[in-house]
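take a look and give me a structure for this.
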Amino acid sequence: MEENKIVFITCVNDENLYQKSLSYIKKLKVPEYMEIEMIAIRNAKSMTSAYNEAMLKNNSKYKVYLHQDLYIQNTNFIFDILDIFKTDLKIGLIGMVGAKIIPVSGIWWEDHRKVGKVYDSHSGIIELLNFNEIKDLYTQVKGIDGLLMITQYDLPWREDIFDGWHFYDLSQSIEFVRKGLNVVVSKQEPAWCIHDCGYVNTANGFDEYRNKFLDYYSKDILPLVSILIPAYNQTCYLKQALDSALNQSYRNTEIIICDDSTTNYVKELVEQYILKSNKIKYINSGDPCGFRGKLTIEKCLAISSGEYISYLLQDDLYNLNKIDRMINYFLYDDTLSLITSYRRMINENGKYLSDNVRTIRQYPYDIRLTGEEAGRKILFSIINYIGEQTTAIFRRNMMEFDIINCTTTDYDKNKIHCLIDVSLWLKLLKRGNMIYISEPLSNFRIHNPQNSNDDILVFWASIDFFNMIISSYKNKVFIKNRKELLDSLLAWHKEYAGDLIKFSNLYNNSTKDNAEIIKLKDEYINCYMKFINILLE
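Below is the predicted model of the structure:
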């Protein structure tokens, strides 16, 4: 490797543009100890094949890969890039513009934290693209644009994957990061380069190569999302749910299926899918875990390893862009613990149902709420507007584990019998903020056999809500004073008072040795005694 040599490598199909680019290179100041060389690769079948050809035929330590329509106007360019490389031997790749975060789309310029500057003509006229300012000599990024890429180490360009003209630059950026090397964008005062590219052509395979990039590099650039599916007996809706998980536009997922069925139907279905996908982990409990699936829900979580958690109940469906839309918000805001969206109800045949007071769209646009705002909205409306478990995604490290009950779904010292989703949302909202997305991103299926139609669960929901209100007040979380406590409890009473008559009829008509009914009676008496005492204080 020739330490005192720098080569400028260009893929050429327009001689006039190239000659103009060369005229700028020839004006650059060159250190006395350095030698420069120019290589043009013509009739290339792809950018990566051209760059590999040039890289293999040249032994220069420093290589500048630049477009034929790129004009370097900073005459101190060589001195400046050498200064950057000398500051840190781990710097492998320098660019002029790039992304601090690669968005879930894989398109670097959609990153609103992108940095750098360049004079560019993609709009039809030359204008300065001036992104977020760089304060130091350079800043580290996840990927750079291919208009100008400077290396001090040779890594093969991935022509085995990118055999065209797009995404070779982000690919090479990730390859350097994989090797433990840093990718940076230099500070420029003023912009070092003019990129006279004209209107950008994304018709010649851009989306094809974008998908290749995401297929191959998602695990490098995007956090793992665990999709958790608790399964029990039925397979008709489960198959549709599983398809909606596997077909997500977001690639970096694992799918955990915890099955406590009394039959082999779920196992047989999932085994067929495992033959086609390595994303699926299947756990068979052997027998029902009990508590109407609550323990299965917790088991799924314990087995998963994702940074983000997204439940998918076996009756429900994801829209194909659900995880994409939600994770893109998480990437830019570390204070978020939870993201949810408007959801649609469907019937057993997948037909949309009209909204009710619980499912109606809460906001006409995407909105960020503080955790306190979002939690108070639940406890003062007595409505789970955030949605069922399928609806939201949450950050694992924001979860609150209940040491008393050894569970993630119970609330404070209260065992939650029905509203494990509300309990989970409130605990997450204690620790972080929330985004509500106005676009429908999941479908909640309504059909007769499911738990949500169980009258017993409605009674337990009333008790769960009461206990969460009292606990929130005692801990001064969401409910801060006696007036707010009364407001929340009166909303609770208005919502559930009619259930007392229904429960009375159920109790009178049930066998007196029904343990759950007896327990419900005791819990109701306990709740209403507390409620009356609070009113009389």
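
low pLDDT regions in the chain?
200-202, 286-293, 401-408, 449-454, 507, 509, 511-513 (pLDDT under 70).

now the helices for it?
Assignment of helices within the chain using DSSP state H yields the ranges 15-25, 47-57, 77-87, 168-178, 206-221, 236-246, 265-274, 294-303, 322-330, 371-381, 420-431, 455-474, 482-509, 515-536.

could you dump the ones you listed into JSON lines and include mean neighbour count and distance to Val97?
(Glycine included, C-beta is placed from N, CA and C.) Listed next are these as JSON lines, based on neighbours: other C-beta atoms under 10 Å; distance: least, C-beta to C-beta, whole Å:
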{"stretch": "helix 15-25", "mean neighbour count": "16", "distance to Val97": "18"}
{"stretch": "helix 47-57", "mean neighbour count": "19", "distance to Val97": "17"}
{"stretch": "helix 77-87", "mean neighbour count": "17", "distance to Val97": "15"}
{"stretch": "helix 168-178", "mean neighbour count": "22", "distance to Val97": "11"}
{"stretch": "helix 206-221", "mean neighbour count": "17", "distance to Val97": "17"}
{"stretch": "helix 236-246", "mean neighbour count": "19", "distance to Val97": "35"}
{"stretch": "helix 265-274", "mean neighbour count": "16", "distance to Val97": "42"}
{"stretch": "helix 294-303", "mean neighbour count": "19", "distance to Val97": "41"}
{"stretch": "helix 322-330", "mean neighbour count": "22", "distance to Val97": "20"}
{"stretch": "helix 371-381", "mean neighbour count": "20", "distance to Val97": "36"}
{"stretch": "helix 420-431", "mean neighbour count": "23", "distance to Val97": "36"}
{"stretch": "helix 455-474", "mean neighbour count": "21", "distance to Val97": "48"}
{"stretch": "helix 482-509", "mean neighbour count": "15", "distance to Val97": "50"}
{"stretch": "helix 515-536", "mean neighbour count": "13", "distance to Val97": "61"}
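
between these, which gets nearest to Ile283?
helix 294-303 (6.2 Å; C-beta to C-beta).

run through who's touching the closest one.
With C-beta atoms under 8 Å, 6 or more residues apart in numbering as the test, helix 294-303 has contacts from 228-232, 256-258, 260, 281, 283, 285, 289, 309, 311, 389, 407-409, 416, 420.

list the contacts for Asn467?
Tyr411, Asn414, Ile416, Cys527.

list phi and psi for Pro190.
When read as degrees, to the nearest 10, the backbone of Pro190 gives phi -80, psi -170.

how many neighbours does it have?
Other residues near Pro190 come to 10 when the count uses other C-beta atoms under 10 Å.

what's near enough to touch Gln188?
Asn74, Met96, Gly116, Lys117, Ile134.

tabulate the helices of the chain (CSV), appending distance to Asn356.
Formatted as CSV, these follow (distance: least, C-beta to C-beta, whole Å):
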stretch, distance to Asn356
helix 15-25, 62
helix 47-57, 54
helix 77-87, 60
helix 168-178, 45
helix 206-221, 37
helix 236-246, 21
helix 265-274, 30
helix 294-303, 24
helix 322-330, 22
helix 371-381, 13
helix 420-431, 17
helix 455-474, 15
helix 482-509, 13
helix 515-536, 25
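
ok, which of the ones you listed comes nearest Cys197?
Among those, the nearest to Cys197 by C-beta to C-beta is helix 15-25 (9.8 Å).

output the contacting helices and strands for the closest one.
Contact partners of helix 15-25 among helices and strands, from 3 or more C-beta pairs under 8 Å, 6 or more residues apart in numbering; DSSP states H and E: strand 2-12, strand 35-42, strand 70-72.
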